[in-house]
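A.B. asks: dropping the sequence and predicted coords here.
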Amino acid sequence: MPSDSSVIKVRLPDDSVRELPTGSTGLDLAQSIGKRLAQAAVATVVNGVESDLGVALADGAQVSIVTADSDAGRHVLRHSTAHVLAQAVVQLFEGSKFSIGPAIEDGFYYDFELPNNKTFSDADLVSITERMQQIVAADQPFVRSEMSADDALKVFKDQPYKCEIIQRVTKGDADSVDALEAGSADAVSVYRNSESFVDLCRGPHVPSTSRLGHFALMKVAGAYWRGNEKGPMLQRIYGTAWESKSALAEHLHRLEEAEKRDHRRLAVEMDLLSFPQELGGGLAVWHPKGGIVRKLMEDYSRERHQNGGYKFVFTPHLANAHLFETSGHLQFYKDGMYPPMEMDNGTYYPKPMNCPMHCLIYRDRQRSYRELPLRLFELGTVYRYERAGTLHGLLRIRGFTQDDSHIFCTEEQMADEIASLLDFVLSVLRRFGFNDFDFKLSTRNVDKSVGSDEIWQKATDALREALNRHGLQFTVAPGDAAFYGPKIDIDVRDAIGRKWQLSTIQCDFNLPERFGLEYIATDNARKRPIMLHRALFGSIERFFGVLLEHYGGAFPTWLAPVQVRVLAVASAHEEYAAKVVQQLIEGGYRVDQLVADEQLGKRIRASKLERIPYVLVVGDDDVANSTVGVNPRGGDVRRDVLMNDFLRQLSADVGETKSVA
RNA sequence: GCCGGGGUAGCUCAGUGGCAGAGCAACCGCCUUGUAAGCGGUAGGUCGUGGGUUCAAUCCCCACCCUCGGCUCCA
């Protein structure tokens, strides 16, 4: 026996080597480094594999300690808390079945089936939380063991969902969710918390439940088993869990802040638009204040498109069914369309997309290669029958307007055209204050698409190449393409880090085929153009909604419905205030005046709540000196500002974001 | 579409099987104000819609519409 068998050496992330008695665990290691580290430790990474703190370390291992305040650590906490949730539910609701309970962003969930199709109420969440706290207080260890699939099936004989997972793992057709739940086929891993509760799980977990406790159960929701709409619907409980009381409190505070900037709430508060019940679900009307912002967005869009070589077209909201038969929409997109209108001379549908109509414009006469690329642009209003449960304010709506364009080009032009489109999209998005993007390449879903493999391959390659040419990182979403072709979707991140899908660039070899589109090439041959679909805002409604949340209602000055409000200190200054207003109107600004029949403080407050960029206050001094008091949004008050100085400041503020590249 | 909440004044929300409530906003007066809520008064509701139960329904039951949180699906 070697003389050093009583010790092991492990290597730490900083490449230092530490000697420990043989049989030492990750927890021992953490303790040897420091008491605070041991307290914060929730798991280890041994040779790149996450494992429990209690696992004995091998000699020569590369080890790092996962602490609760890291992303990986919180993940472990959340997953462990999910087990505690399951235990509480199983104890409180006799006969309940539990299925899966992963950690997710900011928290975790667990899906259950309650006996007799019972559902959880909000009151249940309170009692479940209490039971969970008892389990935490009981300091139950998480004890890992591994067993054969057969033994595991015996352990979970009363848990059909667990058995299904074990069987899938055994058969080797486990998906990533299953693998997280059960480990591998030869060694199904389980974690036992007490005599009565054991769960299938790959781990790792915290050493014991006492390490948990900073959690909150958030909501109950229905969720299909394995995401299958035809399958059973389970009861899902969502929770959030954090490493400390303060981290939990901060998270709850962030949620409150996010709620305050909810576009649906802001739309009401700021009188921008509404969804009258009489109109039906998912249909909005724009009020004057929302309308002016929308107009400014549209003006900007039109200006950019005009400069970008686009031709403006207009098409109707309805079309004969034949059009959508030709385009394939009735075959592949019927569920997303409003129901047909039967008329004496045929059947009509509200259009769900503008592309077929743009194809008709292209086809109306013979085209030459000299005309290509032909870029047709329209702010086209479409109607889509989104399922009732999916509607969500402006972000998921049934009638909306796309800043839609279809670019007809030759195969040779395609790659350049896509590349310059990417520049165009990003430049427009940046003007609206978005700087953080995620790109997604969506590829073919064979069951829900038209066209040959070669054509799809070509189009997908062209999109991929454009992304690579720009050096952009992207993810691939297999099967997410439109039925007519692959696409690049661009998600933006808003001011508080949430992702929204807005812009899309789609490649289409199929509609030109279906509509028999042609151009005369240089060699006098008839050739088929390629069609690119693209929308920058995506939909004006969605973009507006995202913009509203991004800015929390505080639109940049160039977009603000009211840019300047003028307040007279007292009635005696009203006349001067009106002159200031007039001067600003002549300067082309959107300005108004609130007369002095309320306290100044109250009028200031009202104006601030409206998020007006500049509130001007004028009193005796200002009347005497032709000055104004400037109270800017988010800045400090300045008194005695010369009117011309303010005009310069305003012009700079507006011009900065307004000028077109 | 599915599961679970909800719909009461312009907004935010109380409330009850027996005449419908508050705060803010609105309107009218007073106050004439120097940077985020001055005072008093008035008005405002088919209690989402339609059916049912009941002597009596905003309240209990059913259906539908709209909406919220999810699932599924998507710009």
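C.D. replies: Noted; the coordinates are in hand.
A.B. asks: shaky segments in the stretch 551-661 of chain A?
C.D. replies: Counting by pLDDT under 70, the low-confidence segments of the stretch 551-661 of chain A come to A:656-661.
A.B. asks: cutoff 90 now
C.D. replies: Applying pLDDT under 90 to the stretch 551-661 of chain A flags residues A:655-661.
A.B. asks: around RNA strand B, which positions in it sit nearby?
C.D. replies: A:569-572, A:596-602, A:604-605, A:608-609, A:615, A:617-622, A:629, A:631, A:637, A:639 (Cβ under 7 Å from any atom of the strand). Every C-beta, even on glycine, is put in place using the N, C-alpha and C of the backbone.
A.B. asks: which of the residues you listed count as buried?
C.D. replies: Neighbour counting with 16 or more other Cβ atoms under 10 Å marks A:Val569, A:Ala596, A:Ile604, A:Val615, A:Val617, A:Val618, A:Gly619, A:Asp622, A:Gly629, A:Asn631 as buried within those.
A.B. asks: right, and out of these, which lies closest to A:Ala459?
C.D. replies: Nearest to A:Ala459 among those: A:Val615, at 52.7 Å, using Cβ to Cβ.
A.B. asks: helix, strand, or coil at the residue of the stretch 251-400 of chain A found nearest RNA strand B?
C.D. replies: Proximity of the stretch 251-400 of chain A to RNA strand B (Cβ to the nearest atom of the strand) peaks at A:Gly389, 2.2 Å away. Assigned with DSSP: H, G, I helix; E, B strand; the rest coil, A:Gly389 falls in the helix class.
A.B. asks: ok, back up a step: closest one of the buried ones among the residues of the stretch 551-661 of chain A next to RNA strand B to A:Thr504?
C.D. replies: A:Val615 (39.6 Å).
A.B. asks: hmm, A:Arg605 and the closest one touching each other?
C.D. replies: No. If you go by Cβ atoms under 8 Å, A:Val615 and A:Arg605 don't touch, sitting 10.1 Å apart.
A.B. asks: show me where the stretch 401-550 of chain A has strands.
C.D. replies: A:437-442, A:474-477, A:487-493, A:499-508, A:519-520, A:526-527, A:530-535 (DSSP state E, counting those that start in this stretch).
A.B. asks: possible to save those strands as TSV with mean neighbour count?
C.D. replies: Listed next are those as TSV, based on neighbours: other Cβ atoms under 10 Å:
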stretch	mean neighbour count
strand A:437-442	19
strand A:474-477	14
strand A:487-493	21
strand A:499-508	22
strand A:519-520	18
strand A:526-527	14
strand A:530-535	26
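A.B. asks: quick check: which of these is nearest to RNA strand B?
C.D. replies: Of all those, strand A:499-508 comes closest under Cβ to the nearest atom of the strand, at 3.8 Å.
A.B. asks: close to RNA strand B, is the strand or helix carrying A:Val382?
C.D. replies: Element membership of A:Val382, judged by DSSP states H and E, is strand A:374-383. No. Strand A:374-383 lies out of reach of RNA strand B by Cβ under 7 Å from any atom of the strand, never closer than 8.5 Å.
A.B. asks: and stretch A:147-166, what's buried?
C.D. replies: Buried residues in stretch A:147-166, counted by 16+ other Cβ under 10 Å: A:Ala149, A:Ala152, A:Leu153, A:Val155, A:Phe156, A:Gln159, A:Tyr161, A:Lys162, A:Cys163, A:Ile165, A:Ile166.
A.B. asks: which ones among those residues map onto strands?
C.D. replies: Of those, none are assigned to strands by DSSP state E.
A.B. asks: taking those residues one by one, which sit in helices?
C.D. replies: In this view, those that belong to helices under DSSP state H are A:Ala149, A:Ala152, A:Leu153, A:Val155, A:Tyr161, A:Lys162, A:Cys163, A:Ile165, A:Ile166.
A.B. asks: surely the first one meets A:Val188?
C.D. replies: Yes. With contact defined as Cβ under 8 Å, A:Ala149 reaches A:Val188; the gap is 5.4 Å.
A.B. asks: list residues touching both of those two?
C.D. replies: A:Ile166, A:Val169 (Cβ atoms under 8 Å, 6 or more residues apart in numbering).
A.B. asks: in chain A, which residue is closest to the centre?
C.D. replies: In chain A, the centroid-proximal residue (Cα atoms, centre = their mean) is A:Lys499; its distance is 3.1 Å.
A.B. asks: burial count for A:Val595?
C.D. replies: A:Val595 is flanked by 12 other residues according to other Cβ atoms under 10 Å.
A.B. asks: for it, which non-adjacent residue is closest in space?
C.D. replies: A:Glu574 (6.4 Å; Cβ to Cβ, 6 or more residues apart in numbering).
A.B. asks: what's the helix or strand for the one you found?
C.D. replies: helix A:574-586.
A.B. asks: now do that helix: which elements does it pack against?
C.D. replies: strand A:564-568, strand A:591-594, strand A:614-618, helix A:643-658 (3 or more Cβ pairs under 8 Å, 6 or more residues apart in numbering; DSSP states H and E).
A.B. asks: between strand A:564-568 and it, find me the angle.
C.D. replies: 170 degrees (axes from the mean of the first three to the mean of the last three Cα atoms, to 10 degrees).
A.B. asks: and helix A:574-586, how far out from the chain middle?
C.D. replies: 44 Å (Cα atoms, centre = their mean, to the nearest Å).
A.B. asks: next, the buried residues of that helix.
C.D. replies: A:Glu574, A:Tyr576, A:Ala577, A:Val580, A:Val581, A:Gln583, A:Leu584.
A.B. asks: okay if I get the helices and strands packed on helix A:574-586 as a markdown table plus distance to A:Gly101?
C.D. replies: Converted to a markdown table, those look like this (distance: least, Cβ to Cβ, whole Å):
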| stretch | distance to A:Gly101 |
| --- | --- |
| strand A:564-568 | 52 |
| strand A:591-594 | 55 |
| strand A:614-618 | 51 |
| helix A:643-658 | 46 |
